[in-house]
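*Asks:* Based on what follows, work out the 3D shape:
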Amino acid sequence: MELKLVTTDNKIKTVDLEKFLSKVKKDSFFYFSKETSYKDLQDLIDLLEKEGYSVYFREVKYTLEDDGYMYEMHIL
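*Replies:* Residues are numbered from 1 along each chain as shown. You can find the predicted model right below:
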């Protein structure tokens with residue numbers, strides 16, 4: 001599974017699942033590009049919840065256009 005993260009300088013960085021999981025810690029935020037598969041993100045949430053994390057996940061719109069969004073994941 002490849003995840004497309006949005007970095008702080010608004011660039012898209014592709015990481016694999018193992019690399020992403022190594023960065024996960026409690027009370028962290030991650031932003032994903034709209035190009036990331038929604039199904040992959042749901043599978044990731046299920047995996048994180050099985051590992052004992054609580055996950056808050058939502059779509060963030062940053063323009064009024066239909067394609068102006070990204071996904072936010074807050075891991076608790």
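
*Asks:* my read: Tyr69 touches Val60, true?
*Replies:* Yes. Using C-beta atoms under 8 Å, Tyr69 is in contact with Val60, at 6.2 Å. Bear in mind the C-beta positions are built from the backbone N, C-alpha and C, glycine included.

*Asks:* quick one, what contacts the residue at minimal distance from the centre of the chain?
*Replies:* Nearest to the centroid of the C-alpha atoms of the chain, with distances taken as C-alpha atoms, centre = their mean, sits Phe32, at 4.2 Å. Residues near Phe32 by C-beta atoms under 8 Å, 6 or more residues apart in numbering: Leu3, Lys4, Leu5, Val6, Leu41, Met70, Tyr71, Glu72, Met73.

*Asks:* which SS class is the fifth one?
*Replies:* Read that as Leu41. At Leu41, secondary structure determined by DSSP: H, G, I helix; E, B strand; the rest coil is helix.

*Asks:* so what pLDDT did it get?
*Replies:* At Leu41, the model reports a pLDDT of 96.

*Asks:* Okay then, goodbye and thanks.
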